[in-house]
Structure formats: C-alpha cells, structure tokens
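A.B. asks: okay, sequence plus prediction incoming.
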Amino acid sequence: MPVALITGAAQGVGYTTAKTFAAMGYHVLLTDVQPLEAQIDALSALGGSVSALSGDISSEAFVTELAEKVARDHTAVDVLVNNAGISMICPAEDTSLEQWQRVMNINLTGPFLLCRAFGKQMLARQRGNIVNVASIAGLHGVIDRSAYNASKHGLIGLTRTLAAEWGSRGVRVNAICPGWIKTEMDEADQGSGAYSDADIVNRVPMGRFAKPEDVASAIAFLAQEGSFINGVSLPVDGGWVADASWDALRLKKR
C-alpha cells in the first residue's frame, strides 16, 4: 500500500487532503501540533488506513523521530505533502523579529527539514513525490504580510531547487499556490478585520473562495505516479493571478 504523509492534517486543507489520499488507497500518516485522535477515528470510519504522530515540524528532533517511524513502519513515504503553515497579518515596519522567525520556522524551515529527511528515503528508492503548499502570496506581494509572503516565495524557490537536484533521481517536487480558501485560518484572518468576503469574491474571476477540496484535488494531480510534471508552482486560485483587471471592469462582466 502506498504511503502519503500529510502535515497540518488536523483541519482544513490538510485533513481534506488526507481524506482524498485515503480514498485513493493510500495509507495516510497525519502530523500536526494538535491532537489527531478524532481525525484518525473519522478516517478509519470511512475505511481509510491511517496513523498519526503529533509534533512541531519546525523541530529537527521531531522530524527525525517522524522519519525514523516511517523507516521502521513503511521504509519510505511515496508522497510528502508539506501543508502545515501559519498566517501573520502585520505591517512590515511593525513586524517583530520573533514574529518573522516563527513564520519562517513553520512555513519554510519545517518543509526544508521534511524534504531533507524524506527526500533521502525517496532517493534511496529512486522514486517519490513531494508537493509543497505555497500560496499566490508566493507569486505576488500582498500588503501587510511581509513574513508570510517571504516564506511562501522561499518555499517556491526550495521547490524549484529540489526539482532540479532530484528530478533525474526519481523524485519529483512541485508546489501548489492556492488563493483564499474557506478554512479555519481564513476565519481567523477575517475575524481580525483584515478583509471581507466581498474583497476576495470580487477579485476572483470565478467569483468564489477556493474550497479545501479544490486544493486537495490539485495536490493529488501533482502527486500522481508516472507524471512528467516537475518543478511547477501551480496556481489554484480561480484565475486570480491571471487577471490584471480592476474590480469594476471584472464585475461588469458577471
């Protein structure tokens, strides 16, 4: 049975991705800083094969423990999905070093540690797929998100570099770049008053937020065996980055 490791799997895109891979016949290994007992029970009830280990992906010691568990139980993972991440909305001039480092540790250092640990296992078998969950904020600048934007730009850079280094050795590395998604993270960001539903819906040519299922299906597409796709950063944004129109012009066409 193929194995998929999903980080940030307690909720939102991570949990939906875990459901998607479980339905595809993968054993899914969940990890998150939050407890995962409820998620294990829910996926098992759906007939999925699932296990979990809670911990902090920005900790080298935890990533080593996780890799040792995989080596002991499965030899290697077939798919690594680096989904765990945090948001931080703050003007650049007010962003503290502590805030900056926390975002970088979780959004960029954690994925690097996981890619390094599980990439070694994949390289030893000469096969494997890594999908990093970046953002359209990794393709463009978004105001009041200097740390978040920089972390996602860095994640895309890491994706491209690993794709170049490992592609000839059987390991593909790609990224997806979602737009705004209706998840718990979005609810928290909106609760701060940073933006409204209309701000997002009016900006997206398809006229809605992304759903976790939209992102999960894109991850599954990039991770499919036998693909020749390597090193891409795929927007999953309803056309956000393709559209340079202003709101009045875009809305006129609806």
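C.D. replies: Cool, got the structure.

A.B. asks: all contacts plus neighbour counts: C-alpha atoms, from now on.
C.D. replies: Noted.

A.B. asks: show me what the residue lying closest to S49 once chain neighbours are set aside bridges to in the sheet.
C.D. replies: Closest residue to S49 apart from its sequence neighbours, by C-alpha to C-alpha, 6 or more residues apart in numbering: H27 at 4.8 Å. Beta bridges link H27 to V3, S49 when assigned by DSSP bridges.

A.B. asks: my read: H27 touches S44, true?
C.D. replies: No - checked against C-alpha atoms under 8 Å, the pair H27 and S44 is beyond contact range at 10.7 Å.

A.B. asks: looking at those two, which one has more neighbours?
C.D. replies: Set side by side, H27 and S44 show more neighbours around H27, with 22 against 15, by other C-alpha atoms under 10 Å.

A.B. asks: got the contact list for the more buried one?
C.D. replies: Contacts for H27 (C-alpha atoms under 8 Å, 6 or more residues apart in numbering) come out as M1, P2, V3, A4, F21, G48, S49, V50, S51.

A.B. asks: tell me, how many residues neighbour the residue lying closest to the second one once chain neighbours are set aside?
C.D. replies: In this structure, P2 finds its nearest non-sequential neighbour in Y26, 5.0 Å apart by C-alpha to C-alpha, 6+ apart. Close neighbours of Y26, defined as other C-alpha under 10 Å, add up to 21.

A.B. asks: look up how far P91 lies from Y26.
C.D. replies: 42 Å (C-alpha to C-alpha, to the nearest Å).

A.B. asks: and N129, which of the three is it?
C.D. replies: strand (DSSP: H, G, I helix; E, B strand; the rest coil).

A.B. asks: contact partners for E60?
C.D. replies: For E60, the contacting residues are L113, by C-alpha under 8 Å, 6+ apart.

A.B. asks: okay, it: pLDDT?
C.D. replies: E60 carries a pLDDT value of 98.

A.B. asks: repeat that for Y195.
C.D. replies: Per-residue confidence at Y195 stands at 81 (pLDDT).

A.B. asks: tell me where the stretch 101-250 of the chain has strands.
C.D. replies: Applying DSSP state E, counting those that start in this stretch to the stretch 101-250 of the chain gives strands spanning 128-133, 171-178, 233-236.

A.B. asks: quick check: phi and psi at the residue nearest to P2.
C.D. replies: Torsion angles at Y26 (phi, psi; degrees, to the nearest 10) stand at phi -80, psi 150.

A.B. asks: any idea how far it lies from D144?
C.D. replies: 39 Å.

A.B. asks: picking that back up, any common contacting residues for H27 and S44?
C.D. replies: V50.

A.B. asks: what are the boundaries of the helices in the stretch 101-250 of the chain?
C.D. replies: Per DSSP state H, counting those that start in this stretch, the stretch 101-250 of the chain carries helices over the ranges 110-125, 146-166, 184-191, 197-201, 212-223, 247-252.

A.B. asks: hmm, back to that, got a winner among the contacts of H27 for most neighbours?
C.D. replies: Within the contacts of H27, A4 tops the neighbour count with 26 neighbours, counted by other C-alpha under 10 Å.

A.B. asks: which residues does that residue contact?
C.D. replies: Residues near A4 by C-alpha under 8 Å, 6+ apart: F21, Y26, H27, V28, L29, V77, D78, V79, L80, V81.

A.B. asks: okay but the second one is in contact with M1, surely?
C.D. replies: Same thing as Y26. Yes - using C-alpha under 8 Å, Y26 makes contact with M1 at a distance of 6.1 Å.

A.B. asks: which regions of the stretch 51-200 of the chain sit below the pLDDT cut-off?
C.D. replies: For the stretch 51-200 of the chain, applying pLDDT under 70 flags the ranges 191.
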